Structure formats: structure tokens, C-alpha cells
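Visitor: quick one: sequence plus predicted model below, questions after.
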Amino acid sequence: MSQPSLVTENLTIRFGGHVAVNAVSCAFNPGELTVIVGPNGAGKTTYFNLISGQLTASEGRVLKGGEDITRLAPSARSHRGIGRAFQLTNLFPALTVLENIRLAVQARSGHGWRFFSPASRLGALKQEADQFLQATKLSDKAHMAAAELPHGDQRKLEVALLMAMEPDIYMFDEPTAGMSLDHTPDVLNLIATLKEDKTKTILLVEHKMSVVRALADRIIVLHNGELLADGPPDEVMQSQIVRDVYLGSSGEDAA
């Protein structure tokens, strides 16, 4: 079996006397989409923040490809292949859709954030950016400012930015939150397409069971910051303690 792409070992964070994430150990593998579920306050987003570097662990470690990245800043983790999308879109609102994606391609290629580059280089960057526009069905909105996009298209643009960075590990925090029923399938289809690349690892925080059923290879359940369950979707969702206490007796749309 191949080496896990990402491992958390006894990952813990305390805020004063409150333990928000308590000794969570998990290994995540290439080609696997893991959905993290649990009630509000369970520690899902805090756990994500520990992995991506927005928070620093009180105890434990985060390993990426065997390398200890526990003390690295979010930017350094990004350069090592961890891509994170947030519940709130994280875009350059005044720039066009194309410019947002071009800057992501430019950053990933190591040329920094310079606008004043040779025309040939800009042409190559635009050509590459166009591929991500097409993949996310945003080509017809390429010259709109990101701030002018409907919420659903902003979420698609955020996925496009992640794709342009070409991470090994994709992290999505409730990617369909606040989206209309019309736009939700577009984002889910994008994630499903990413899942086809078996070199990638995908982590997804989600509370909609319809999304979980559609995408998950594996579910982990957090409660009070602790790992309650970890396994195949059918096995976890049929667990009585998970259904009764954390997902609700119906198992539908609990946070």
C-alpha cells in the first residue's frame, strides 16, 4: 500500500481550558475522498484549520508525505501541495475571473504576482488559465469582476483557483453552503471530476447527507473535538451511535 499523503497524529488544540480538537489521529490516502461530519461545534473546521495551518496545534503533528509540517505557515503548506477552499469565498473581488485564475497559475509556476511580464509569458499564462475557465464553465464570465459573480459562480471560481494551483491535497469546507439548487450540481460535479485523479487526496467538511452519499469514499465523524467513527460510508452511517447522537435518527442534513 502506498504511503498516506496526509497524516494527523494526536492532533490537539486548546483555547484556554477548552479542548476544541482532542488527539485526533487519521491517515488520508491518494485517490480517496473523505467527508468529515459531525454536529455544530464538533471541531470539523478547527481540524481543517490545523491541517491547513490557520491554527497551530497545542499538541500532536501534521505530516504531509512523511514530512512534519506542523509548524509551517499556511503559505508554506500551500507550496507543499495543500489547497484549501473556505466556507466564505477567498477571491480578489476587484479583479476579473480570468485575472484571478491567471494569478493562481502565475503563483504556482513560481513567477510571483507580477502583472508586468513579457507578452509571451502572459499569453502562456492566459492559455493555461483558459483551461480552468473551461473546466469550471466560467469562460463566458472571464471578463467579469469576481465581486459581480453570483454566489454559486464565486464558489466555482474558488474551485478553479484551487485547480490552477494543482495541489496534491484538496480541502473543501462546506463547498455548497449558501448555494442555490441550480448551482450546487456544478460544484459537486467539479469535485467528482477531481476525484477521478487517483493521485489526489480530497477532504470535505459537509453536513448535507445527499452530498456525503454522492461523493464519499470514507466518512470520519467528530464530536466534541474527538474522533467518534471512521470508515466506509455505509458502515459509519448505519452505526447506531452515529445516527442517534450525531446525525439524527433520520441521518438527514444534520450539521
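Guide: Perfect, I can see it now.

Visitor: list the contacts of residue 61.
Guide: 7, 8, 9, 10, 11, 68, 70 (CB atoms under 8 Å, 6 or more residues apart in numbering). Just so you know, the C-beta spots here come from the backbone N, C-alpha and C atoms, and that holds for glycine as well.

Visitor: mean confidence for the helix or strand where it lies?
Guide: Assigned by DSSP states H and E, residue 61 belongs to strand 59-64. Mean pLDDT, strand 59-64: 97.

Visitor: could I have the CA atoms of it written out in PDB?
Guide: Written as PDB, here are the backbone C-alpha positions of strand 59-64 (Å, rounded to 0.1, in the frame of the first residue of the first chain):
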ATOM      1  CA  GLU A  59       0.000  19.000  20.700                       C
ATOM      2  CA  GLY A  60       0.400  16.400  18.000                       C
ATOM      3  CA  ARG A  61       1.700  16.600  14.400                       C
ATOM      4  CA  VAL A  62       0.600  17.100  10.800                       C
ATOM      5  CA  LEU A  63       2.600  15.100   8.300                       C
ATOM      6  CA  LYS A  64       2.400  15.600   4.600                       C
END
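
Visitor: from now on call the first residue 42
Guide: Let's use 42 as the start, then, which means that last one is strand 100-105.

Visitor: tell me the strands beside it, with direction?
Guide: In the sheet, strand 100-105 lines up against strand 47-56 (antiparallel), strand 108-109 (antiparallel) (DSSP bridges).

Visitor: ok, residue 226 - contacts?
Guide: Applying CB under 8 Å, 6+ apart, no residues qualify as near residue 226.

Visitor: A helix includes it, no?
Guide: Yes - the assignment for residue 226 is a helix, going by DSSP: H, G, I helix; E, B strand; the rest coil.

Visitor: neighbours of residue 178, how many?
Guide: 14 (other CB atoms under 10 Å).

Visitor: quick one: it and residue 198 touch, right?
Guide: No - under the criterion of CB atoms under 8 Å, residue 178 makes no contact with residue 198, lying 10.7 Å away.

Visitor: common neighbours of those two, please.
Guide: With CB under 8 Å, 6+ apart, residue 178 and residue 198 have no common neighbours.

Visitor: mind listing the strands for this protein?
Guide: 47-56, 59-69, 74-78, 100-105, 108-109, 123-126, 210-214, 242-246, 259-264, 267-272 (DSSP state E).

Visitor: where does pLDDT dip in the stretch 142-291 of the chain?
Guide: Across the stretch 142-291 of the chain, the ranges flagged by pLDDT under 70 are 151-163, 285-291.

Visitor: re earlier: please identify the deepest-packed of the strands paired with strand 100-105.
Guide: strand 47-56 (a mean of 18; mean count of other CB atoms under 10 Å).

Visitor: quick check: angle from it to strand 74-78?
Guide: On the basis of axes from the mean of the first three to the mean of the last three CA atoms, to 10 degrees, strand 47-56 is oriented at 20 degrees to strand 74-78.

Visitor: now what about strand 47-56, what contacts it?
Guide: 60-69, 87-88, 91-92, 96-106, 123, 210, 242, 244.

Visitor: contacting residues around residue 232?
Guide: By CB under 8 Å, 6+ apart, the neighbours of residue 232 are 74, 200, 211, 213, 216, 243, 245, 256.

Visitor: er, residue 217 actually
Guide: 196, 225, 228, 229, 247, 249, 252.
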